[in-house]
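1. The sequence isn't on hand, but the structure is:
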């Protein structure tokens, strides 16, 4: 059966009309628009495909087409979005998954059981913990420790928001048992790249090598506030200048550690900068700065982190200030499964006529969690413009069409191979 | 008559007890604590010295001891403080001025008329415009244009706050005529240094060379927000890295343009830094940064400004972002009167037994405004610690005692010389 992207694109447009406003997608997890998106999803599966959905303990929605063999292949992604998000981020993979199930139904009984999952709260946009649903299923989430205390900006507690959705915090651990019960042997995810790499390469789709490891820390440079006119340069302890030097050193570190190919890309970002007292006439006495280091190779990541620590000490010394590090997040690199990657690459080549590029993913995905427990792979659709978490995020139609078709073909290759 | 600082110090302590709390001095201009300070000042002058006060159109308070000659010498400073300010900032010069008038009275009739002024709203702490009272007297303030629209954090309009103090905005220009009517031939001000220079030199007092010129601008670097994981380093347009490079270049500029002596000191400060969107996972798409350049030599100041402009363009180019400058403040350097400076230097030498250091003032003072219309000079008392606008700001007692005595002697020298 020839893969066709037209129904997927029509469904995506329908979902966009239902759950976006002029600022973009508004499917924030645990909220009313997200529930509306999920109701649409469940209805679509029931009416168009004829399959029912099941909710696991973490609020993930599952639908399955049983195969000749109980062994399973999972496809999925997330319907939730950031506030004012793009129309494809997350839902592309879920809506393509509806087409996967349609195709399985059309085949009669597929050789293996195919499951579609809509992971709950991938973004963590409201409460700050991303990948909650997939992490619960992978058994890497300690809900009581990591989620019980979280509140949104209005002071609403995450456990209360979840309970309003019929998902008690205490039941989240059950999601891991549910996943085990599926006897799944692989996980495939189609997602928009959310970056500029494929656009710069002029490629519609790519095999994803894995998700990069992350070292995220907060630094506080502490000097001495002084009057901009009264303090001579040599008597200052300017915390901001130390932070500025640190940020530039981290950029150099990332450049040094990056190889020439996308596979060996390493990045360093100072995203949060808070200067105190933040007056035009005050030499900054204190500066908080965040560093987010990423690489697919764990050794490269470790080398960058120690380089950044050295750079922070050197900058602090030069500006006669102190520096303290607080860890925010440590995620190990998640390289994907070579056999599944090869099949995705073949499918891309079949659709586009050219060898598929292989690139790492800087952002995390639900696939990062699945890679810890199952053979996992992803297919990226080009972003243009290469930006994310904005209503401007998009995939040009020809690239979208090809990426969806390549994904559908890749699923076929996987189940036919098994 | 031997100069004695003990009454001045006792008066300063009395004023502190009356107008400070545990967070420091609270004599914010146009507010109730400031009014209390001024009532104390007027009462002190009336009871202890036997002179009445007059208020000019800008709310400045004047008291005079008529001399044999109508020609006048003005001494003064400001009673107003920032919220949580130091106990000496401003009021040191006013309270020392009370002692000056006491000494003039004790002499019978001084050779020239001696005026004491308490300038209104030197700090601009509540409405943002500093030096309002002295600028009005110097004729450099366009009250309608510069003050009429100002509001405090609670939305109270400056004209209304002034009217509550019996000072209508429309009358401010009259202060210039009042000053002219005094036929003043000089202005002397005693002030705490508010910086670390004298402490580092181990000197109690200094002759002030003048107040530095100021070039204050706001820069906006505009790049492209991107995801910290998704955007490779070479495709980024990181506005913060451009701002960081600019800040470090400005520090280097100030070092290059500073000579070896305090007189040739030049400073550059980036005090405000605002990064957007300010998320740990976002490459900053926009960064606002302020630059405050100061030097006593106008040519040095101009050279630093063009160097900073060049540095901003180079940093913007390197990081593929744009930069825009908006001017915030331009103040020309105000070198002080050589003859008055010499007399202050002689008085310091007489008290301390050592040659008086000469240093520029980075912060502005009411003396900056007076220097435009009258021969003007200042005497600085050491700060220790060398910080300002905090309750911790202080002058060690021996340095305070010597600086007050040197100031009283300097006044004697000036009037006896004329």
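-> Now that the structure is in, tell me what you want to look at. All of these numbers come straight from a predicted model, not from anything done at the bench.
2. what's stretch A:308-328 in contact with?
-> Residues from elsewhere that reach stretch A:308-328, judged by CB atoms under 8 Å, 6 or more residues apart in numbering or on different chains: A:216-224, A:236-239, A:241-243, A:245-246, A:249-250, A:253, A:268, A:290-291, A:293, B:280. C-beta coordinates here come from the backbone N, C-alpha and C atoms, glycine included.
3. Spell out the secondary structure type for residue A:408.
-> What DSSP: H, G, I helix; E, B strand; the rest coil gives for residue A:408 is helix.
4. For it, give me the pLDDT.
-> Residue A:408 carries a pLDDT score of 98 in this model.
5. Next, the contact list for it, please.
-> With CB under 8 Å, 6+ apart, residue A:408 has these contacts: A:3, A:4, A:5, A:96, A:99, A:100, A:103.
6. So stretch A:233-248, near chain B or not?
-> Yes. Using CB under 8 Å from any CB of the partner chain, stretch A:233-248 reaches chain B at A:233, A:235, A:238, A:240, A:241, A:243, A:244, A:245, A:247, A:248.
7. Just put those residues in CSV and tack on neighbour count and distance to residue B:341.
-> Putting these into CSV (neighbours: other CB atoms under 10 Å in any protein chain shown; distance: CB to CB, whole Å) gives the following:
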residue, neighbour count, distance to residue B:341
A:233, 18, 25
A:235, 17, 24
A:238, 27, 31
A:240, 32, 35
A:241, 27, 34
A:243, 33, 40
A:244, 31, 38
A:245, 23, 39
A:247, 26, 44
A:248, 18, 43
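8. Mark which of the contacts of stretch A:308-328 are part of strands, please.
-> A:216, A:217, A:218, A:219, A:220, A:221, A:222, A:268, A:290, A:291, A:293 (DSSP state E).
9. if we take the residues you listed, which one ends up nearest to chain B?
-> Nearest to chain B out of these is residue A:290 (CB to the nearest CB; 4.5 Å).
10. and the closest residue in space to the closest one that isn't next to it in sequence, how many neighbours does it have?
-> Counting by CB to CB, 6 or more residues apart in numbering or on different chains, residue A:290 lies nearest to residue A:272, which is 4.0 Å off, once chain neighbours are set aside. Using other CB atoms under 10 Å in any protein chain shown, residue A:272 has 22 neighbouring residues.
11. Let me know the pLDDT of residue A:272.
-> Reading off the model, residue A:272 has pLDDT 95.
12. Let me see the contact set for it.
-> A:218, A:288, A:289, A:290, B:275, B:278, B:279, B:280.
13. Touching, residue A:26 and residue A:81? I think so.
-> Yes. Counting by CB atoms under 8 Å, residue A:81 is a contact partner of residue A:26 at 7.0 Å.
14. Show me which of the ones in strands among the contacts of stretch A:308-328 is closest to residue B:119.
-> Residue B:119 lies nearest to residue A:222 out of these, by CB to CB, at 35.9 Å.
15. and the closest residue to that closest one other than its chain neighbours, what are its phi and psi?
-> With sequence-adjacent residues excluded and distances taken as CB to CB, 6+ apart, residue A:222 is closest to residue A:322, at 4.9 Å. Main-chain dihedrals, residue A:322, degrees, to the nearest 10: phi -110, psi 160.
16. and residue A:206, which of the three is it?
-> The assignment at residue A:206 comes out as strand when based on three-state DSSP.
17. can you list the residues of the stretch 301-418 of chain A near chain B?
-> Neighbours of chain B within the stretch 301-418 of chain A, by CB under 8 Å from any CB: A:328, A:361, A:362, A:363, A:364, A:383, A:386, A:387, A:388, A:389, A:390.
18. helix or strand for the first one, which one?
-> Under the criterion of DSSP states H and E, residue A:328 resides in strand A:322-331.
19. do the fifth one as well
-> Taking DSSP H and E as the criterion, residue A:364 maps to no regular element, lying outside all helices and strands.
20. Please report the distance of residue A:265 from residue A:332.
-> Distance of residue A:265 to residue A:332, given as CB to CB, to the nearest Å: 17 Å.
21. ok, those two, which is more surrounded?
-> Taking neighbours as other CB under 10 Å, residue A:265 and residue A:332 compare with residue A:265 leading, 27 against 13.
22. so who does that one touch?
-> Residue A:265 neighbours (CB under 8 Å, 6+ apart): A:258, A:259, A:295, A:296, A:359, A:360, A:362, B:232.
23. Can I have the buried ones of these as a ChimeraX selection?
-> The ChimeraX selection below is limited to those of these classed as buried (16 or more other CB atoms under 10 Å in any protein chain shown):
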select /A:258,295,296,359,360,362 /B:232
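24. Of all pairs in the contacts of residue A:265, which one is the farthest apart?
-> The widest separation within the contacts of residue A:265 (CB to CB) is 15.1 Å, between A:259 and A:362.
25. picking that back up, from the residues of the stretch 301-418 of chain A next to chain B, which land in helices?
-> The members of those all map outside helices under DSSP state H.
26. Out of those residues, which end up buried?
-> Listed as buried from those are A:361, A:362, A:363, A:364, A:383, A:386, A:387, A:388, A:389, A:390; burial here means 16+ other CB under 10 Å.
27. Show me which of the residues you listed is closest to chain B.
-> Among these, and counting by CB to the nearest CB, the member closest to chain B is residue A:362, at 2.4 Å.
28. I'd guessed that closest one sits against residue B:228; true?
-> Yes. Under the criterion of CB under 8 Å, residue A:362 makes contact with residue B:228 at 7.0 Å.
29. list residues touching both of those two?
-> A:267, A:294.
30. so who does the residue in the stretch 1-150 of chain A that chain B sits nearest to touch?
-> Here the stretch 1-150 of chain A gets closest to chain B at one residue, residue A:130, 9.6 Å apart by CB to the nearest CB. Residue A:130 sits next to A:121, A:122, A:123, A:124, A:364 when contact means CB under 8 Å, 6+ apart.
31. what are the phi and psi values for residue A:127?
-> Residue A:127 has phi and psi values of phi -120, psi -10 when expressed as degrees, to the nearest 10.
32. Cool, thanks, talk later.
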